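[1] Have a look; sequence and predicted model below, questions after that.
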Amino acid sequence: MVLFTAFALAGLVAIGLASVTIRKTGRAPTGYEVDFRYVNATAKRVLVGGGIQPLTDQFHATGTSYRFNGRYDPWKYQPGDFYVSNPSPQLPAEPAYKWPYEMKSSGDGVWTYTAPLPSGIYSFAYLVNCNYAPNCSIDTGQLVIDPDLPPFMNVHGDQVASSFQVPFDANFQASPELNTNFDYALDAPAGHRGTVKTVNYTSPGSIHPAQDVHDFSIYLPAEYGSVPGKKYPLLYLSHGAGGNGADWENLGRMSHIMDNLIRLGHIPPTVVVTPSFYNLDSEGPFFIYGNKSLSVPVPPAPHVRGNFQKYLFPWVESHYDVCQNASCRAFAGLSMGGVLSYEMFVNATDMFDYYGMFSPATNPPYIDAASVAANPALLKKGTMVAYGLYDFVFPQARDLQTAFDAVGIRYINRVSPFGSHYWNTWQDALWWFGIKVLWKPLPFGVQTGRQRAASV
(Lines give C-alpha, C1' and ligand atoms only; values in the text may rest on other atoms or scores of the structure.)
Protein backbone atom coordinates (compact mmCIF):
# COMPACT_ATOMS: atom_id res chain seq x y z
CA MET A 1 0.00 0.00 0.00
CA VAL A 2 1.45 3.38 -1.01
CA LEU A 3 0.38 6.60 0.70
CA PHE A 4 1.50 9.73 -1.13
CA THR A 5 1.87 12.68 1.20
CA ALA A 6 -0.66 15.45 0.70
CA PHE A 7 -0.34 19.12 1.48
CA ALA A 8 -3.05 21.78 1.48
CA LEU A 9 -1.90 25.00 -0.15
CA ALA A 10 -3.65 28.04 1.35
CA GLY A 11 -6.87 26.12 1.85
CA LEU A 12 -6.98 24.71 -1.69
CA VAL A 13 -7.63 21.07 -2.55
CA ALA A 14 -4.75 18.83 -1.43
CA ILE A 15 -2.53 17.38 -4.13
CA GLY A 16 -0.61 14.14 -4.45
CA LEU A 17 3.15 14.43 -4.10
CA ALA A 18 5.75 12.00 -5.37
CA SER A 19 9.08 13.32 -4.05
CA VAL A 20 8.32 12.05 -0.55
CA THR A 21 6.37 8.79 -0.45
CA ILE A 22 5.05 7.20 2.75
CA ARG A 23 4.56 3.46 2.33
CA LYS A 24 2.78 1.10 4.72
CA THR A 25 5.00 -1.98 4.61
CA GLY A 26 3.51 -4.17 7.33
CA ARG A 27 7.00 -5.19 8.39
CA ALA A 28 9.64 -4.23 10.92
CA PRO A 29 11.03 -2.03 12.17
CA THR A 30 8.15 0.54 12.11
CA GLY A 31 5.55 -0.77 9.67
CA TYR A 32 6.13 2.29 7.47
CA GLU A 33 8.92 3.46 5.21
CA VAL A 34 9.49 6.92 3.75
CA ASP A 35 11.17 7.35 0.36
CA PHE A 36 12.93 10.62 -0.51
CA ARG A 37 13.75 11.46 -4.12
CA TYR A 38 15.59 14.57 -5.27
CA VAL A 39 17.10 15.44 -8.67
CA ASN A 40 20.36 17.41 -8.87
CA ALA A 41 22.85 16.52 -11.57
CA THR A 42 25.69 18.68 -10.21
CA ALA A 43 25.54 17.79 -6.50
CA LYS A 44 28.48 15.92 -4.97
CA ARG A 45 26.69 15.04 -1.74
CA VAL A 46 23.10 15.40 -0.50
CA LEU A 47 21.82 14.92 3.05
CA VAL A 48 18.24 15.03 4.30
CA GLY A 49 18.33 17.54 7.15
CA GLY A 50 16.98 20.88 8.19
CA GLY A 51 14.68 19.39 10.82
CA ILE A 52 14.68 15.62 10.51
CA GLN A 53 16.69 14.05 13.34
CA PRO A 54 18.14 10.72 14.52
CA LEU A 55 16.20 8.72 17.10
CA THR A 56 16.73 8.06 20.78
CA ASP A 57 14.84 6.42 23.65
CA GLN A 58 13.92 7.70 27.08
CA PHE A 59 16.65 5.65 28.75
CA HIS A 60 19.43 7.20 26.67
CA ALA A 61 18.18 10.76 26.35
CA THR A 62 19.06 13.93 28.17
CA GLY A 63 17.70 17.44 28.08
CA THR A 64 21.12 19.03 28.43
CA SER A 65 23.32 17.63 25.66
CA TYR A 66 22.57 16.00 22.33
CA ARG A 67 25.86 14.11 22.56
CA PHE A 68 24.39 11.77 25.18
CA ASN A 69 21.24 10.89 23.26
CA GLY A 70 20.98 7.54 21.52
CA ARG A 71 21.24 9.11 18.06
CA TYR A 72 20.11 5.86 16.48
CA ASP A 73 19.86 5.27 12.77
CA PRO A 74 16.13 4.82 11.94
CA TRP A 75 16.88 1.31 10.62
CA LYS A 76 17.77 0.41 14.22
CA TYR A 77 14.39 1.62 15.52
CA GLN A 78 12.85 -0.18 18.50
CA PRO A 79 9.36 0.46 19.95
CA GLY A 80 9.51 3.49 22.23
CA ASP A 81 12.17 5.31 20.21
CA PHE A 82 11.49 8.94 19.31
CA TYR A 83 13.40 11.94 18.03
CA VAL A 84 14.57 15.04 19.87
CA SER A 85 15.51 18.45 18.49
CA ASN A 86 19.27 18.38 18.41
CA PRO A 87 21.46 20.17 15.90
CA SER A 88 22.52 17.87 13.11
CA PRO A 89 26.23 17.08 13.39
CA GLN A 90 28.74 18.84 11.22
CA LEU A 91 30.16 15.96 9.22
CA PRO A 92 32.84 14.74 9.09
CA ALA A 93 33.72 16.60 12.28
CA GLU A 94 32.55 13.57 14.26
CA PRO A 95 34.12 10.60 12.50
CA ALA A 96 32.73 8.21 15.10
CA TYR A 97 29.18 9.17 14.12
CA LYS A 98 27.67 9.16 10.65
CA TRP A 99 24.55 11.19 9.85
CA PRO A 100 21.99 8.52 8.92
CA TYR A 101 19.96 10.48 6.37
CA GLU A 102 22.49 10.45 3.53
CA MET A 103 21.09 10.20 0.01
CA LYS A 104 22.68 8.06 -2.68
CA SER A 105 22.93 8.56 -6.42
CA SER A 106 23.75 6.06 -9.15
CA GLY A 107 25.43 8.84 -11.12
CA ASP A 108 22.37 9.97 -13.07
CA GLY A 109 21.64 12.96 -10.80
CA VAL A 110 18.71 11.23 -9.07
CA TRP A 111 19.30 11.10 -5.32
CA THR A 112 17.28 8.69 -3.13
CA TYR A 113 17.03 7.64 0.49
CA THR A 114 14.61 5.37 2.38
CA ALA A 115 13.98 5.45 6.13
CA PRO A 116 11.60 3.37 8.33
CA LEU A 117 10.30 6.32 10.38
CA PRO A 118 7.86 5.97 13.30
CA SER A 119 4.71 8.01 13.88
CA GLY A 120 5.16 11.76 14.02
CA ILE A 121 5.73 15.05 12.23
CA TYR A 122 8.95 15.52 10.27
CA SER A 123 10.27 18.72 8.71
CA PHE A 124 13.12 18.60 6.26
CA ALA A 125 15.14 20.23 3.49
CA TYR A 126 17.92 18.91 1.28
CA LEU A 127 21.49 19.86 2.23
CA VAL A 128 23.50 20.02 -0.99
CA ASN A 129 27.30 19.87 -0.63
CA CYS A 130 26.89 20.99 2.97
CA ASN A 131 27.30 18.91 6.12
CA TYR A 132 25.54 21.13 8.65
CA ALA A 133 22.16 22.81 8.18
CA PRO A 134 22.96 26.12 9.97
CA ASN A 135 25.86 26.62 7.55
CA CYS A 136 23.69 26.03 4.48
CA SER A 137 21.99 28.85 2.61
CA ILE A 138 19.05 29.06 0.24
CA ASP A 139 20.85 31.87 -1.58
CA THR A 140 23.82 29.64 -2.41
CA GLY A 141 21.67 26.63 -3.24
CA GLN A 142 23.05 24.55 -0.38
CA LEU A 143 19.72 24.34 1.43
CA VAL A 144 16.97 23.32 -0.97
CA ILE A 145 13.25 23.07 -0.26
CA ASP A 146 11.68 20.01 -1.86
CA PRO A 147 10.26 21.39 -5.13
CA ASP A 148 7.42 18.83 -5.13
CA LEU A 149 6.43 19.43 -1.51
CA PRO A 150 6.27 23.21 -1.12
CA PRO A 151 5.69 24.53 2.39
CA PHE A 152 2.61 26.38 3.53
CA MET A 153 3.63 30.05 3.58
CA ASN A 154 2.41 33.53 2.82
CA VAL A 155 5.19 34.85 0.55
CA HIS A 156 8.35 33.30 -0.84
CA GLY A 157 11.05 32.97 1.81
CA ASP A 158 8.68 32.74 4.76
CA GLN A 159 9.47 29.03 5.25
CA VAL A 160 12.61 26.99 4.62
CA ALA A 161 11.40 23.44 5.25
CA SER A 162 8.66 21.09 4.13
CA SER A 163 6.91 18.58 6.36
CA PHE A 164 5.09 15.27 6.36
CA GLN A 165 3.30 13.10 8.92
CA VAL A 166 3.92 9.36 9.38
CA PRO A 167 1.05 7.19 10.76
CA PHE A 168 1.22 4.83 13.72
CA ASP A 169 1.33 1.04 13.40
CA ALA A 170 0.52 -0.69 16.69
CA ASN A 171 2.02 -3.98 15.46
CA PHE A 172 5.51 -2.49 15.33
CA GLN A 173 5.53 0.81 17.24
CA ALA A 174 3.59 0.05 20.45
CA SER A 175 5.73 0.41 23.57
CA PRO A 176 4.98 -0.21 27.26
CA GLU A 177 7.25 2.72 28.15
CA LEU A 178 5.34 5.50 26.43
CA ASN A 179 2.75 6.27 23.77
CA THR A 180 4.19 7.75 20.59
CA ASN A 181 1.02 7.59 18.50
CA PHE A 182 0.59 10.94 16.73
CA ASP A 183 -2.28 9.94 14.45
CA TYR A 184 -4.35 12.84 15.78
CA ALA A 185 -2.35 14.96 13.30
CA LEU A 186 -3.33 12.90 10.26
CA ASP A 187 -6.06 13.98 7.84
CA ALA A 188 -9.57 13.89 9.30
CA PRO A 189 -12.24 12.06 7.26
CA ALA A 190 -13.88 13.97 4.42
CA GLY A 191 -16.57 16.30 5.71
CA HIS A 192 -14.61 17.09 8.88
CA ARG A 193 -11.78 19.08 7.33
CA GLY A 194 -11.59 22.80 7.87
CA THR A 195 -9.72 25.24 5.65
CA VAL A 196 -6.51 27.11 6.35
CA LYS A 197 -5.13 30.08 4.47
CA THR A 198 -2.83 33.05 4.87
CA VAL A 199 -4.29 36.54 5.24
CA ASN A 200 -2.72 39.98 4.81
CA TYR A 201 -4.27 42.66 6.98
CA THR A 202 -3.85 46.39 7.50
CA SER A 203 -1.25 47.07 10.18
CA PRO A 204 0.16 50.63 10.11
CA GLY A 205 3.94 50.58 10.43
CA SER A 206 4.40 46.93 9.45
CA ILE A 207 7.38 46.25 7.18
CA HIS A 208 6.55 42.73 5.93
CA PRO A 209 5.10 41.40 3.66
CA ALA A 210 4.57 45.02 2.56
CA GLN A 211 4.58 48.49 4.06
CA ASP A 212 1.64 48.85 6.47
CA VAL A 213 0.59 45.26 5.75
CA HIS A 214 1.11 42.34 8.10
CA ASP A 215 0.01 38.71 7.92
CA PHE A 216 -1.46 35.78 9.80
CA SER A 217 -2.74 32.32 8.99
CA ILE A 218 -6.28 31.30 9.87
CA TYR A 219 -8.07 27.99 10.33
CA LEU A 220 -11.82 27.91 9.74
CA PRO A 221 -13.59 24.74 10.94
CA ALA A 222 -15.59 22.66 8.47
CA GLU A 223 -18.85 24.03 9.84
CA TYR A 224 -17.83 27.68 9.43
CA GLY A 225 -20.25 29.68 7.31
CA SER A 226 -23.01 27.07 7.32
CA VAL A 227 -24.90 28.41 10.35
CA PRO A 228 -26.14 31.96 9.71
CA GLY A 229 -25.17 34.42 12.41
CA LYS A 230 -23.13 31.95 14.45
CA LYS A 231 -20.07 33.32 16.24
CA TYR A 232 -17.23 30.85 16.80
CA PRO A 233 -14.77 30.49 19.69
CA LEU A 234 -11.40 31.98 18.79
CA LEU A 235 -7.90 30.71 19.59
CA TYR A 236 -4.78 32.76 18.88
CA LEU A 237 -1.76 30.50 18.52
CA SER A 238 1.73 32.03 18.40
CA HIS A 239 4.96 30.76 16.87
CA GLY A 240 8.33 31.04 18.62
CA ALA A 241 11.66 32.77 18.04
CA GLY A 242 12.85 32.57 14.45
CA GLY A 243 9.40 31.64 13.16
CA ASN A 244 6.26 33.13 11.68
CA GLY A 245 2.53 32.65 11.50
CA ALA A 246 2.72 29.82 8.96
CA ASP A 247 4.81 27.60 11.26
CA TRP A 248 1.89 26.05 13.09
CA GLU A 249 0.39 24.78 9.84
CA ASN A 250 3.53 24.04 7.85
CA LEU A 251 5.55 22.40 10.63
CA GLY A 252 2.84 21.38 13.11
CA ARG A 253 -0.22 20.45 11.00
CA MET A 254 -2.39 22.58 13.26
CA SER A 255 -5.47 22.29 11.03
CA HIS A 256 -5.40 18.48 11.17
CA ILE A 257 -5.18 18.53 14.96
CA MET A 258 -8.08 20.97 15.19
CA ASP A 259 -10.16 18.91 12.74
CA ASN A 260 -9.74 15.84 14.92
CA LEU A 261 -10.36 17.66 18.21
CA ILE A 262 -13.64 18.94 16.79
CA ARG A 263 -14.60 15.68 15.07
CA LEU A 264 -14.12 13.66 18.26
CA GLY A 265 -16.17 16.10 20.34
CA HIS A 266 -13.37 17.42 22.54
CA ILE A 267 -14.11 21.03 21.55
CA PRO A 268 -16.84 22.80 19.58
CA PRO A 269 -15.93 24.20 16.13
CA THR A 270 -13.24 26.80 16.79
CA VAL A 271 -11.45 29.39 14.64
CA VAL A 272 -7.66 29.55 15.02
CA VAL A 273 -5.50 32.55 14.11
CA THR A 274 -1.72 32.11 14.00
CA PRO A 275 -0.13 35.60 13.80
CA SER A 276 3.45 36.66 13.14
CA PHE A 277 5.22 38.76 15.77
CA TYR A 278 8.22 39.87 13.69
CA ASN A 279 8.22 42.87 11.34
CA LEU A 280 5.37 44.66 13.09
CA ASP A 281 7.16 47.98 12.65
CA SER A 282 10.57 49.46 11.88
CA GLU A 283 11.49 49.63 15.57
CA GLY A 284 11.99 45.89 15.72
CA PRO A 285 14.36 43.64 13.76
CA PHE A 286 13.50 42.67 10.20
CA PHE A 287 13.20 38.92 9.86
CA ILE A 288 12.16 36.39 7.24
CA TYR A 289 13.46 32.85 7.05
CA GLY A 290 14.97 33.20 3.62
CA ASN A 291 17.45 36.01 4.24
CA LYS A 292 18.14 36.38 7.95
CA SER A 293 19.81 34.41 10.69
CA LEU A 294 17.75 32.89 13.48
CA SER A 295 19.81 35.03 15.87
CA VAL A 296 17.64 38.08 15.11
CA PRO A 297 16.36 39.46 18.46
CA VAL A 298 12.76 38.74 19.41
CA PRO A 299 10.53 41.83 19.74
CA PRO A 300 9.64 42.52 23.40
CA ALA A 301 6.41 40.78 24.40
CA PRO A 302 4.76 43.98 25.73
CA HIS A 303 5.42 45.66 22.38
CA VAL A 304 3.86 42.77 20.47
CA ARG A 305 0.88 42.67 22.81
CA GLY A 306 0.21 46.38 22.30
CA ASN A 307 0.42 46.05 18.53
CA PHE A 308 -1.91 43.04 18.42
CA GLN A 309 -4.43 44.80 20.66
CA LYS A 310 -4.38 47.86 18.46
CA TYR A 311 -4.45 46.27 14.99
CA LEU A 312 -4.70 42.47 14.82
CA PHE A 313 -7.47 41.66 17.28
CA PRO A 314 -9.92 44.33 16.01
CA TRP A 315 -9.23 43.35 12.37
CA VAL A 316 -9.96 39.67 13.00
CA GLU A 317 -13.14 40.43 14.89
CA SER A 318 -14.41 42.76 12.15
CA HIS A 319 -13.73 40.31 9.30
CA TYR A 320 -14.68 36.90 10.72
CA ASP A 321 -17.62 35.41 12.59
CA VAL A 322 -15.84 35.04 15.90
CA CYS A 323 -16.88 35.74 19.46
CA GLN A 324 -15.92 39.02 21.05
CA ASN A 325 -15.78 38.24 24.75
CA ALA A 326 -13.18 36.59 26.95
CA SER A 327 -15.22 33.47 27.74
CA CYS A 328 -14.73 32.13 24.21
CA ARG A 329 -11.28 33.52 23.41
CA ALA A 330 -7.91 31.91 24.09
CA PHE A 331 -4.25 32.72 23.54
CA ALA A 332 -1.45 30.16 23.39
CA GLY A 333 2.07 30.00 22.04
CA LEU A 334 5.29 28.01 21.96
CA SER A 335 8.71 29.00 23.33
CA MET A 336 8.91 32.81 22.94
CA GLY A 337 5.27 32.57 21.92
CA GLY A 338 4.76 31.04 25.36
CA VAL A 339 6.34 34.20 26.77
CA LEU A 340 3.83 36.21 24.72
CA SER A 341 1.00 34.08 26.11
CA TYR A 342 2.25 34.81 29.63
CA GLU A 343 2.36 38.51 28.74
CA MET A 344 -1.27 38.33 27.61
CA PHE A 345 -2.20 36.48 30.79
CA VAL A 346 -0.68 39.13 33.04
CA ASN A 347 -1.35 42.32 31.08
CA ALA A 348 -4.33 41.52 28.83
CA THR A 349 -6.12 39.39 31.41
CA ASP A 350 -9.61 40.57 30.53
CA MET A 351 -9.28 39.74 26.83
CA PHE A 352 -8.98 35.95 27.17
CA ASP A 353 -10.21 33.32 29.60
CA TYR A 354 -7.85 30.56 28.40
CA TYR A 355 -4.07 30.56 28.05
CA GLY A 356 -1.58 27.98 26.82
CA MET A 357 2.13 28.34 27.59
CA PHE A 358 3.90 25.66 25.55
CA SER A 359 7.64 25.25 26.28
CA PRO A 360 7.56 28.78 27.71
CA ALA A 361 10.93 30.53 27.64
CA THR A 362 9.87 32.80 30.51
CA ASN A 363 12.22 34.40 33.01
CA PRO A 364 11.68 36.21 36.32
CA PRO A 365 10.32 38.37 37.70
CA TYR A 366 7.05 36.41 37.78
CA ILE A 367 3.72 37.42 39.20
CA ASP A 368 3.53 37.44 42.98
CA ALA A 369 0.95 37.95 45.70
CA ALA A 370 0.89 41.70 45.05
CA SER A 371 0.20 41.08 41.36
CA VAL A 372 -2.77 38.85 42.15
CA ALA A 373 -4.10 41.29 44.74
CA ALA A 374 -4.06 44.00 42.08
CA ASN A 375 -5.53 41.70 39.42
CA PRO A 376 -7.62 38.96 41.08
CA ALA A 377 -8.99 37.86 37.70
CA LEU A 378 -5.70 35.95 37.27
CA LEU A 379 -7.11 33.34 39.66
CA LYS A 380 -10.16 32.72 37.46
CA LYS A 381 -8.53 31.86 34.15
CA GLY A 382 -7.98 28.52 32.46
CA THR A 383 -4.25 28.01 32.04
CA MET A 384 -1.99 25.23 30.80
CA VAL A 385 1.78 24.91 31.10
CA ALA A 386 3.18 22.25 28.75
CA TYR A 387 6.72 21.22 27.83
CA GLY A 388 8.83 18.17 27.06
CA LEU A 389 10.79 15.99 29.43
CA TYR A 390 13.88 16.70 27.27
CA ASP A 391 13.01 20.34 26.63
CA PHE A 392 15.82 22.81 27.22
CA VAL A 393 13.31 25.24 28.78
CA PHE A 394 12.30 22.60 31.34
CA PRO A 395 13.79 24.62 34.25
CA GLN A 396 12.06 27.83 33.13
CA ALA A 397 8.71 26.10 32.76
CA ARG A 398 9.04 24.60 36.22
CA ASP A 399 9.93 28.02 37.65
CA LEU A 400 6.79 29.45 36.07
CA GLN A 401 4.72 26.68 37.67
CA THR A 402 6.35 27.36 41.03
CA ALA A 403 5.32 31.02 40.71
CA PHE A 404 1.75 29.97 39.90
CA ASP A 405 1.72 27.57 42.83
CA ALA A 406 2.93 30.27 45.21
CA VAL A 407 0.00 32.58 44.46
CA GLY A 408 -2.68 29.88 44.15
CA ILE A 409 -3.22 29.88 40.39
CA ARG A 410 -4.68 26.55 39.31
CA TYR A 411 -3.52 25.23 35.97
CA ILE A 412 -3.28 22.08 33.89
CA ASN A 413 0.23 20.70 33.36
CA ARG A 414 1.43 18.42 30.56
CA VAL A 415 4.97 17.04 30.43
CA SER A 416 5.45 15.19 27.15
CA PRO A 417 7.49 12.08 28.05
CA PHE A 418 9.11 12.03 24.60
CA GLY A 419 9.30 15.79 24.13
CA SER A 420 12.13 18.14 23.33
CA HIS A 421 11.98 21.74 22.14
CA TYR A 422 10.37 20.76 18.88
CA TRP A 423 7.16 20.08 17.02
CA ASN A 424 6.39 16.67 18.46
CA THR A 425 6.11 18.38 21.85
CA TRP A 426 3.99 21.25 20.55
CA GLN A 427 1.65 19.00 18.60
CA ASP A 428 1.15 17.06 21.82
CA ALA A 429 0.62 20.30 23.77
CA LEU A 430 -2.04 21.58 21.35
CA TRP A 431 -3.83 18.23 21.37
CA TRP A 432 -4.05 18.12 25.17
CA PHE A 433 -4.79 21.84 25.39
CA GLY A 434 -7.89 21.11 23.33
CA ILE A 435 -8.89 18.05 25.36
CA LYS A 436 -8.17 19.35 28.85
CA VAL A 437 -8.36 23.15 28.75
CA LEU A 438 -10.20 24.89 25.92
CA TRP A 439 -13.65 26.10 26.82
CA LYS A 440 -13.80 24.08 30.07
CA PRO A 441 -15.68 25.45 33.12
CA LEU A 442 -13.90 28.07 35.21
CA PRO A 443 -12.28 28.42 37.67
CA PHE A 444 -10.11 25.34 37.24
CA GLY A 445 -10.27 22.69 39.94
CA VAL A 446 -9.41 19.05 40.48
CA GLN A 447 -12.14 17.93 38.05
CA THR A 448 -10.89 20.15 35.21
CA GLY A 449 -9.90 18.12 32.20
CA ARG A 450 -12.22 15.23 33.04
CA GLN A 451 -15.02 16.79 30.99
CA ARG A 452 -15.33 16.60 27.23
CA ALA A 453 -16.62 19.45 25.09
CA ALA A 454 -18.08 22.49 26.80
CA SER A 455 -20.83 24.68 25.42
CA VAL A 456 -19.68 28.16 24.46
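    That came in fine, so what should we check first? Because the structure is predicted, anything quoted here is derived from the model rather than measured. Numbers count the residues shown, from 1 in each chain.

[2] in stretch 139-152, what counts as buried?
    142-146, 148-152 (16 or more other Cβ atoms under 10 Å). The C-beta positions use only the backbone N, C-alpha and C, and glycine is treated the same way.

[3] same deal with stretch 283-292?
    Of the residues in stretch 283-292, those scored as buried under the neighbour-count criterion (16+ other Cβ under 10 Å) are 284, 287-290.

[4] mind listing what the residue lying closest to Met344 once chain neighbours are set aside touches?
    Across the structure, with Cβ to Cβ, 6 or more residues apart in numbering as the measure, the residue nearest Met344 apart from its sequence neighbours is Phe331 (4.6 Å). Contact partners of Phe331, counting by Cβ atoms under 8 Å, 6 or more residues apart in numbering, are 235-236, 238, 340-341, 344-345, 348, 351-352, 354-356.

[5] and the gap between the residue of the chain most remote from its centre and Ala369?
    Ranking residues of the chain by C-alpha distance from their mean position (Cα atoms, centre = their mean) puts Gly107 at the top, at 37.4 Å. Separation of Gly107 from Ala369 (Cβ to Cβ, to the nearest Å): 71 Å.

[6] Check the burial of the residue nearest to Ala377 when sequence neighbours are not counted by counting its neighbours.
    For Ala377, the nearest residue in space outside its immediate sequence neighbours is Thr349; the separation is 5.0 Å by Cβ to Cβ, 6+ apart. The local packing of Thr349 (other Cβ atoms under 10 Å) involves 17 other residues.

[7] Thr349 reaches Asn375, doesn't it?
    Yes. With contact taken as Cβ atoms under 8 Å, Thr349 and Asn375 are classed as touching, separated by 5.8 Å.

[8] State the distance from the spatially most central residue of the chain to Trp431.
    By Cα atoms, centre = their mean, the chain has its centre lying nearest to Gly252, at 3.8 Å. Gly252 sits at a distance of 10 Å from Trp431 (criterion: Cβ to Cβ).

[9] where do the contact lists of those two overlap?
    A shared contact of Gly252 and Trp431, defined by Cβ under 8 Å, 6+ apart, is any residue touching both; here these are Ala185.

[10] excluding its backbone neighbours, what's nearest Gly141?
    Counting by Cβ to Cβ, 6+ apart, Gly141 lies nearest to Val128, which is 6.3 Å off, once chain neighbours are set aside.

[11] Who are the packing partners of the host helix or strand of Val304?
    Counting by DSSP states H and E, the element that carries Val304 is helix 301-307. Judged by 3 or more Cβ pairs under 8 Å, 6 or more residues apart in numbering; DSSP states H and E, helix 301-307 is in contact with helix 336-347.

[12] So what sits opposite the residue nearest to Gly141 in the bridge?
    In this structure, Val128 has the following beta-bridge partners (DSSP bridges): Val46.

[13] Read off the pLDDT value for Pro116.
    Reported pLDDT at Pro116 in the predicted model: 98.

[14] typed the wrong thing, it's Ser282
    Listed pLDDT for Ser282 reads 89.

[15] So it versus His208, what's the distance?
    With distances defined as Cβ to Cβ, the gap from Ser282 to His208 amounts to 11 Å.

[16] Please apply the same query to Ser19.
    Here the distance between Ser19 and His208 works out to 29 Å (Cβ to Cβ).
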